[in-house]
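>>> Here you go, sequence then predicted model.
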Amino acid sequence: MKKIAFSGTLDPITNGHLWVIQEARALADEVVVFISENPVKKPQFDAIERKDIIERSVAECGWNNVSVVIVKGDYTARAAKRHGIEYLVRGIRNTSDFDYENLIQQTNVDVLDGAKTIFVMPPRDLGSVSSSFVRALQGPVGWHWTVKKFMPMPAYIAWIKSWLRTDWQKLWEGAGVEASKLDHWFDYLTGDEAYGAARRTYHNLDHLVHGLSEISAWASNTGASKADVAILKKAFWFHDAVYGGSVGKHAGLSNEEQSARLWLDASLGSEHAQEVADLIRVTDHFQSAGLSHPLKDAMLGVDLAILGQAADTYDAYASTVRLEYSDVDDAAYQAGRARVLSHFETQAVAGNLFADTWFSELYTSQALVNIRREKALLK
């Protein structure tokens with residue numbers, strides 16, 4: 001078979017979609033992915049964005065015989081025929097899928113005189129993976145780690161950046177800051193100079209999403225004011241803006257101090273600008289003890305919350321920390337990391353690892369288990 005097509009909204013493309021495309025590649029020399037534009041639906045990404053995400057996802061797979069076409073104002077089956085394609089491929093996961101897809105197949109052929117459909121069944125581990133399934137996972141703490149398992153990396157990065165943009169924009173509603181200025185700083189913080197840098201394996205976009213999610217959960221469970229949540233989130237957005245490097249006139253200062261000054265230099269018009277700067281500084285081990293703020297315990301709780309996550313998440317975190325210190329030899333890293341973990345262990349045993357009550361009750365026990373397991377592995 002020369003050509004075959006796969007179609008859908010693909011918002012976002014998932015590993016399930018990629019499996020179907022791979023099956024299509026086994027059936028034909030060329031695969032055309034049709035992106036449907038349905039005016040009734042309100043997708044997360046517009047058609048052009050989806051096309052770009054799909055193209056980058058298939059390129060990452062090394063597939064050079066897959067092209068992407070946007071279908072506007074027509075039925076996919078009929079558009080396929082216009083492209084010289086006689087068959088569509090669709091994945092079916094259960095009997096409900098089959099009943100629905102069979103009805104579409106009959107309509108395509110009998111009513112529209114369009115392309116016929118070949119059905120393929122995904123393996124068990126992808127049987128429940130769909131765009132709607134992935135979208136339903138968004139929200140609770142750790143949602144991004146879960147959806148990451150079901151999406152190609154280009155789609156995942158686009159997804160969390162979209163989530164981050166929404167969080168960023170809500171943070172500044174009514175603040176009177178120019179939209180262009182907010183766009184500039186969002187692009188900077190999520191780009192190659194900050195959390196989006198490829199060299200960052202832990203202090204990256206995942207860390208940013210996790211912390212912001214923790215703040216929202218903390219606020220919902222403690223009744224924190226909207227103003228306090230805004231101060232915390234602004235501080236977290238900037239707290240690791242500088243990491244492992246220097247920025248202009250602030251070179252030579254600690255990463256945290258540089259991040260605090262970067263926040264102040266941004267002049268985003270916050271009436272709590274100095275408070276935000278101080279909360280950034282409390283994440284600096286050398287400055288923290290000398291700083292006091294009503295939200296200090298919460299800020300530190302958010303920053304250390306990774307220690308109390310499920311074992312698989314913690315182990316992935318420990319691996320990424322090692323990668324961030326890849327220039328340090330094993331013996332030196334193990335010694336330094338062991339000192340840090342021993343400090344955390346002592347605090348956890350004393351009940352002081354998380355000074356904020358919410359984080360302490362939620363994470364102390366699991367953190368102690370995780371820390372001791374990593375210490376044992378270091379030996």
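Noted; the coordinates are in hand.
>>> Every contact and neighbour count from this point should use C-alpha atoms.
Will do.
>>> what's the burial count for the nearest residue to Tyr202 once chain neighbours are set aside?
Using C-alpha to C-alpha, 6 or more residues apart in numbering and skipping the chain neighbours, the partner closest in space to Tyr202 is Thr320 (5.3 Å). A count of nearby residues for Thr320, using other C-alpha atoms under 10 Å, gives 16.
>>> Now do the SS call for Ile53.
At Ile53 the chain is in helix, as set by DSSP: H, G, I helix; E, B strand; the rest coil.
>>> can you map out the helices along the stretch 101-250 of the chain?
Using DSSP state H, counting those that start in this stretch, the helices of the stretch 101-250 of the chain run over residues 131-136, 143-148, 153-171, 179-190, 205-222, 226-239.
>>> Among those, which comes closest to Leu10?
helix 131-136 (6.7 Å; C-alpha to C-alpha).
>>> Name the residues of the closest one that come out as buried.
Buried residues in helix 131-136, counting neighbours by 16 or more other C-alpha atoms under 10 Å, are found at Ser131, Val134.
>>> neighbouring contacts of it?
Leu10, Asp11, Pro12, Ile13, Thr14, Val147, Phe150 (C-alpha atoms under 8 Å, 6 or more residues apart in numbering).
>>> Residues contacting stretch 297-315, please?
145, 211, 214-215, 232, 236, 279, 282-283, 317, 354-356, 359-360, 362-368, 370-371, 374.
>>> hmm, back to that, so the residue nearest to Tyr202 sits right up against Thr201, yeah?
Yes. Between Thr320 and Thr201 there is a contact under C-alpha atoms under 8 Å: 5.1 Å.
>>> Now do the same for the residue in the chain sticking out farthest from the centre: its pLDDT.
In terms of distance from the mean C-alpha position of the chain, Asp110 ranks first, at 43.0 Å (C-alpha atoms, centre = their mean). With respect to pLDDT, Asp110 scores 73.
>>> how about CSV for the helices of the stretch 101-250 of the chain, with distance to Asp99 and mean pLDDT added?
CSV is the format used below for the helices of the stretch 101-250 of the chain (distance: least, C-alpha to C-alpha, whole Å; pLDDT from 0 to 100):
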stretch, distance to Asp99, mean pLDDT
helix 131-136, 19, 88
helix 143-148, 28, 95
helix 153-171, 29, 97
helix 179-190, 43, 98
helix 205-222, 39, 98
helix 226-239, 47, 97
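>>> of all those helices, which lies closest to Met121?
Minimum separation from Met121 across the helices of the stretch 101-250 of the chain (C-alpha to C-alpha) falls at helix 131-136, 16.7 Å.
>>> Report the helix or strand with the lowest average pLDDT across the chain.
Of all the helices and strands that make up the chain, helix 95-106 has the lowest average by mean pLDDT, DSSP states H and E, namely a mean of 76.
>>> For that one, list the C-alpha coordinates in PDB.
Only the C-alpha atoms of helix 95-106 are listed here, as PDB (Å, rounded to 0.1, in the frame of the first residue of the first chain):
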ATOM      1  CA  THR A  95     -16.400  -2.900  22.000                       C
ATOM      2  CA  SER A  96     -17.800   0.600  22.600                       C
ATOM      3  CA  ASP A  97     -15.000   2.000  20.400                       C
ATOM      4  CA  PHE A  98     -15.800  -0.600  17.700                       C
ATOM      5  CA  ASP A  99     -19.500   0.300  17.600                       C
ATOM      6  CA  TYR A 100     -18.700   4.000  17.300                       C
ATOM      7  CA  GLU A 101     -15.900   3.600  14.800                       C
ATOM      8  CA  ASN A 102     -17.900   1.100  12.700                       C
ATOM      9  CA  LEU A 103     -20.700   3.600  12.400                       C
ATOM     10  CA  ILE A 104     -18.300   6.300  11.300                       C
ATOM     11  CA  GLN A 105     -16.700   3.800   8.800                       C
ATOM     12  CA  GLN A 106     -20.200   3.100   7.300                       C
END
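>>> Run through who's touching that helix.
Contacts of helix 95-106 with the rest of the structure, by C-alpha under 8 Å, 6+ apart, involve Arg90, Ile92, Lys116, Thr117.
>>> Mind picking the two most distant members of those residues?
Pairwise distances across the contacts of helix 95-106 peak at 15.1 Å for Ile92 and Lys116 (criterion: C-alpha to C-alpha).
>>> Just the ones in helices from the contacts of stretch 297-315, please.
If you go by DSSP state H, the contacts of stretch 297-315 have 145, 211, 214-215, 232, 236, 279, 317, 359-360, 362-368, 370-371, 374 in helices.
>>> Which members of those residues are classed as buried?
Buried among the ones in helices among the contacts of stretch 297-315 (16+ other C-alpha under 10 Å): 211, 214-215, 232, 236, 279, 317, 359-360, 363-364, 366-368, 370-371, 374.
>>> mind checking how far the residue farthest from the centre of the chain is from Glu193?
Distance of Asp110 to Glu193, computed by C-alpha to C-alpha, to the nearest Å: 55 Å.
>>> got it, and Tyr87?
46 Å.
>>> gap between Ser326 and Arg78?
From Ser326 to Arg78 the distance is 54 Å (C-alpha to C-alpha).
>>> got it, and Gly139?
38 Å.
>>> So for these two, which residue has more residues nearby?
Higher neighbour count among Gly139 and Arg78: Arg78, with 17 against 13, using other C-alpha under 10 Å.
>>> What score does the more buried one have for pLDDT?
Confidence score, pLDDT, at Arg78: 91.
>>> what about it, helix or strand, and which?
Element membership for Arg78 (DSSP states H and E) is helix 76-82.
>>> need the contact list for the residue nearest to the spatial centre of the chain.
Centroid-nearest residue in the chain: Ile160, 3.7 Å away (criterion: C-alpha atoms, centre = their mean). For Ile160, the contacting residues are His144, Leu205, Val209, by C-alpha under 8 Å, 6+ apart.
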